[in-house]
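Chemist: My questions are about this predicted structure, shown below with the sequence.
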Amino acid sequence: GDVVKIPALDNLILVSGEVMFPNTIALAKDKDVDDYIHAAGGYTQNADTSRIIIAHKDGSFEDTEETDGWFTEPSLRAGDEILVLPKVDEKYRQLFKEVSTMLYQMALGARVILN
């Protein structure tokens, strides 16, 4: 009952996530990740420029944060997808967590006093 899908070989790179105009762009050997992001309109204001994931067609992933350096460039192959991740603002999450915990404890204390 299993189905095996073999995707057709195309010469395209999909750029998605926090870019201005997510798009599919033809693969060129002389372009790097920044060139493809620039061709898709550049980063949005919510983009985390240090966290870019490359999803290869074979199912593997490459994080540009791990390969970023002087001599290493992430490898792009036909059919890959460049994912620009959004920023995560940790401060507001932590504040919400603290306030909701305080409100819960106050409500619990009020119930104990009333009973």
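Modeler: Structure's in. What do you need?

Chemist: rest of the way, CA atoms for contacts and neighbours
Modeler: Noted.

Chemist: residue ranges of the helices in this structure, please?
Modeler: Secondary structure of the chain (DSSP state H): helices at 33-39, 64-67, 90-114.

Chemist: can you list the weak-confidence ranges in this protein?
Modeler: 7, 65-72 (pLDDT under 70).

Chemist: about what we covered before: I'd like the helices of the chain written out as JSON lines, with distance to residue 83 added.
Modeler: Shown next, in JSON lines, are the helices of the chain (distance: least, CA to CA, whole Å):
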{"stretch": "helix 33-39", "distance to residue 83": "10"}
{"stretch": "helix 64-67", "distance to residue 83": "10"}
{"stretch": "helix 90-114", "distance to residue 83": "21"}
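
Chemist: Determine which of these approaches residue 10 most closely.
Modeler: Within the helices of the chain, the stretch nearest residue 10 is helix 33-39; the backing value is 16.4 Å (CA to CA).

Chemist: Show me what that closest one is in contact with.
Modeler: 15, 19, 25, 43, 74, 76, 82 (CA atoms under 8 Å, 6 or more residues apart in numbering).

Chemist: 7 Å instead?
Modeler: 15, 19 (CA atoms under 7 Å, 6 or more residues apart in numbering).

Chemist: Could you check it and say which residues are buried?
Modeler: Neighbour counts over helix 33-39 (16 or more other CA atoms under 10 Å) mark 33, 36, 37, 39 as buried.

Chemist: Same question for stretch 78-98.
Modeler: 78, 79, 80, 81, 82, 83, 84, 85, 86.

Chemist: I'd say the last one and residue 50 touch.
Modeler: No: the pair residue 86 / residue 50 is not scored as a contact, 10.0 Å apart, by CA atoms under 7 Å.
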